[in-house]
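> 3D model of this:
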Amino acid sequence: MNLADLETLIHSHLDGRITASEMEQLSHELETDSQSRRVYLRLAHLHASLGSLEPPDREALEAAGLSSAAQPWHATRPTRAAQIAVPLAALLLTGLVLLMWQPWRREPAPEEVATPTSIARLASLKNCRWVNPQTLFQEGDRLAAGQRLELASGEAQIEFDHGAVVVLSAPAIFDIVSSHDTFLMLGHVQAEANTEASHGFCVRTRTARFIDFGTAFSAVAAADGHSQVEVTSGMVEVQLANTSARHMLRAGESMGIEPGQSAATTRIESGDGTAAFRFPTIEPPSAADHADRSQGLAVLSCRRGELDGRSGPLDVLRDGKGQSQADAPEESLFFRTDEAGLLLLDLGRALPITRINTYSWHQDHGSDTNRIRATQKFYLYGSAEAEPPGTDGPLAEQGWVLLGRVNTDEFFDVSQPRNRPEQQATSIAAPRGAIGTYRHLLWDVRPSRSGTQTVEDSTFYGEIDVYVE
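Residues are numbered from 1 along each chain as shown. Presented below is the predicted three-dimensional model:
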């Protein structure tokens, strides 16, 4: 990538105008090229400095040869979120989270500083490197309400005085709001609140509130606003942002929340490993959904990729049932090895969709640990237009609306093949009412790699069900 194109992408990112496809380009460039990372560091520091200047100061800089076209600035002081300028996880993993330090903020005068009451302490620090190089946290340090922890690498354990324990894993930005309220802007936390005094402990993200009731759970917040919670023990109440919807999750349950007006949620569950396809809360495959071929209302087509020669036809996904056994390629739909694919479902007309379920099942008869083809890995998009948007470029830019993202290996924390359930279900739904009104649904299906494989295998999907109001 030439320097001019790189700087254009970086300015778009720092100004909050970057598109999904441009962010993919920038992420790849920064991961693979050290010179590009140095350019990013230089422009991000300059961008932050310009953002804090008053207009006359900017005019002076421009007169010195730093044009507003080359070095963007805003007419007002940037928001807190803009000052932080959080890159995607791919960027953060390269160490660029260091850019989020805000050295241009004015330090308050001594008489302005009030000593807040401490409510927690740093119980342990493992290989910690902080975003602000001047941060000098040590084990045992006390923490107060209003304090922010910006962790570039390592792991920090925080013990609250009422008994709650939080383990913060880098890269992460975490605010201690009060004794029972915290805000995870970015990163991963594990929280446990098993004392009576700590009940009601809350971890907030930009899309949800996770409230602990004598339990343990983990929460993840991504740079684009997507968040996820997984309950280890007890119960967690999930309150979705900008709605009154609430969900109670129990041990073993998880929920992902997409940013946006619909705040679509994603549940992922493992089944009983039988042809009945029984799951804890997700219903089994059904012929009563709108997409089933018996209804005669929807049409399924393949927009990209080639099906494996052993795969069943497209309509195995709309026959009202899953596979009859764990290794049934003719009853499954799957793409060729190493190949991604696009599946397009036309519902016939725009309809309010309440939930979309996908089911998979695979257990290789020759190996009791080979379940790689059970992994569900896809992005789901929707469109309400009479004709589906194009698929030749980045889907979001073509007009597709992202409804959900799924990677069941990440959800089940598959570090060993035996950890992967052979039968899986995913349900993308709205907290209340419909996800939205859509005519076309598009699955961007990705292959998966297991262990030391040199190729990626495609999932054995057995059924797709779409429910409407």
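> any regions of the stretch 101-250 of the chain where pLDDT drops low?
Low-confidence regions of the stretch 101-250 of the chain, defined here as pLDDT under 70, cover residues 101-116.
> now do the strands in it.
When assigned using DSSP state E, counting those that start in this stretch, the strands of the stretch 101-250 of the chain occupy the ranges 118-130, 142-144, 147-160, 165-176, 181-193, 202-204, 208-221, 227-240, 246-250.
> mind listing what the spatially closest residue to Arg418 that is not a sequence neighbour touches?
Across the structure, with CB to CB, 6 or more residues apart in numbering as the measure, the residue nearest Arg418 apart from its sequence neighbours is Thr369 (5.2 Å). For the C-beta atoms, the positions are set from N, CA and C on the backbone; glycine is no exception. Going by CB atoms under 8 Å, 6 or more residues apart in numbering, Thr369 touches Gln416, Pro417, Arg418.
> same check on Asp181?
Cys202, Arg204.
> please name the residues that touch Leu136.
When contacts are counted by CB under 8 Å, 6+ apart, Leu136 touches no other residue.
> if we use 10 Å, what do you get?
Contact partners of Leu136, counting by CB atoms under 10 Å, 6 or more residues apart in numbering, are Trp130.
> ok, it to Glu269 distance?
Counting by CB to CB, to the nearest Å, the gap between Leu136 and Glu269 amounts to 45 Å.
> right, and Ser124 touches Gly140 too?
Yes - using CB atoms under 10 Å, Ser124 is in contact with Gly140, at 9.3 Å.
> which one of these two is surrounded by more residues?
Ser124 (13 against 10; other CB atoms under 10 Å).
> report the contact partners of that one.
Residues Glu139, Gly140, Glu155, Ala156, Gln157, Ile158, Glu159, Val167 are the ones in contact with Ser124 under the rule CB under 10 Å, 6+ apart.
> and stretch 123-139, end to end?
Terminal residues of stretch 123-139 lie 6 Å apart, using CA to CA, to the nearest Å.
> for that stretch, the distance to its chain's centre please.
Its chain's average C-alpha position is 26 Å from that of stretch 123-139, according to CA atoms, centre = their mean, to the nearest Å.
> counting neighbours, what do you get for Thr178?
One correction, residue 178 is Ser, not Thr. For Ser178, the count of nearby residues is 10 (other CB under 10 Å).
> gap between the residue nearest the centre of the chain and Thr265?
With distances taken as CA atoms, centre = their mean, His226 lies nearest the centre of the chain, 4.2 Å away. Applying CB to CB, one obtains 11 Å for the distance of His226 from Thr265.
> any common contacting residues for these two?
Overlap between the contact sets of His226 and Thr265, as judged by CB under 10 Å, 6+ apart, is given by Thr207, Gly256, Ile257, Glu258, Gly404.
> all strands for the stretch 351-469 of the chain, in order.
Under the criterion DSSP E, counting those that start in this stretch, strands of the stretch 351-469 of the chain are mapped to 377-383, 401-407, 423-429, 436-445, 461-468.
> report the inter-axis angle for the fourth one versus strand 377-383.
Per axes from the mean of the first three to the mean of the last three CA atoms, to 10 degrees, the angle that strand 436-445 makes with strand 377-383 is 150 degrees.
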